[in-house]
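K.L.:
Curious how this folds, go ahead:
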Amino acid sequence: MKDFHRAHPQFSQCGLNCLLCPMHLGGYCPGCGGGEGNQSCAIARCALEQEAEEICTRCGRFPCERYEKMQKYDSFLPHSRMVQDLERAEVLGLEVYINELTERRGILDRLLADWNDGRRKSFYCLAVYQLELDDLRRAFAEIEAAVPAGSSVKEKAVIAVDILKKTATDSGIVLKLNKKPEEK
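P.N.:
Purely as a prediction, here's the structure:
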């Protein structure tokens, strides 16, 4: 959508955490309302029409029927947390929520820089997105402590993935995207 800009493109109007998205990390999408390269989005168009420009919870019709459909299947990020994340942003305040999101991105950046064997980007994005922030902090500290000096990147990646998977399992979280079945 041409000339569509928001104050906080790191967090989409619909509740996706753009800052943690593989498409955003790869430079393919600037985030919701982040300027050039914006993806055409029915939710964004609707939010503009309803004058809920920053996030959808500020719309008098929230939650609407669009959310039921969207939450069933994922894209590059899980959609199951969209409403929960929007509500958290409203309770905490958008600035505080963005600060938490920025902390998550810092952990993600470290994982990608130091524990990525070239095959873990999507997994790390998903883990950082899905885990509660306190659990993510603990898991990351455990990852840092568990890696022996002189380990190869591949060895470090295996350790990081194992710890993140265990943390997720202990929290009842499945680190897998729910893809829409192909229509026949």
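
K.L.:
What spatial separation is found between Asn116 and Val158?
P.N.:
The gap separating Asn116 from Val158 is 12 Å, by C-beta to C-beta, to the nearest Å. In short, each C-beta sits where N, CA and C put it, glycine included.

K.L.:
least trustworthy helix or strand in this structure by mean pLDDT?
P.N.:
Lowest on mean pLDDT, DSSP states H and E among the helices and strands of the chain sits helix 65-70, with a mean of 71.

K.L.:
and stretch 129-146, which residues are buried?
P.N.:
Across stretch 129-146, burial judged by 16 or more other C-beta atoms under 10 Å covers 129-131, 135-136, 139-140, 142-143.

K.L.:
Which of those fall in helices?
P.N.:
Mapping those onto helices (DSSP state H) picks out 129-130, 135-136, 139-140, 142-143.

K.L.:
Widest-spaced pair of those?
P.N.:
Tyr129 and Glu142 (18.6 Å; C-beta to C-beta).

K.L.:
Counting neighbours, what do you get for the closest residue to Cys18 other than its chain neighbours?
P.N.:
Nearest residue to Cys18 in three dimensions, chain neighbours excluded: Gly31, at 3.7 Å (C-beta to C-beta, 6 or more residues apart in numbering). Residues lying near Gly31 (other C-beta atoms under 10 Å) number 22.

K.L.:
can I assume Gly31 is in contact with Leu20?
P.N.:
No - contact criterion C-beta atoms under 8 Å: Gly31 and Leu20 do not qualify, at 10.4 Å.

K.L.:
Restrict whichever strand or helix holds Leu126 to CA atoms and write it as CSV.
P.N.:
Taking DSSP states H and E as the definition, Leu126 sits inside helix 121-130. Provided in CSV are the C-alpha atoms of helix 121-130 (Å, rounded to 0.1, in the frame of the first residue of the first chain):
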residue,chain,number,x,y,z
LYS,A,121,17.0,-18.9,10.9
SER,A,122,13.3,-19.9,10.7
PHE,A,123,13.6,-22.2,13.7
TYR,A,124,15.2,-19.4,15.8
CYS,A,125,12.6,-16.9,14.6
LEU,A,126,9.8,-19.3,15.7
ALA,A,127,11.4,-20.1,19.1
VAL,A,128,12.0,-16.5,20.0
TYR,A,129,8.5,-15.6,18.9
GLN,A,130,6.7,-18.4,20.7
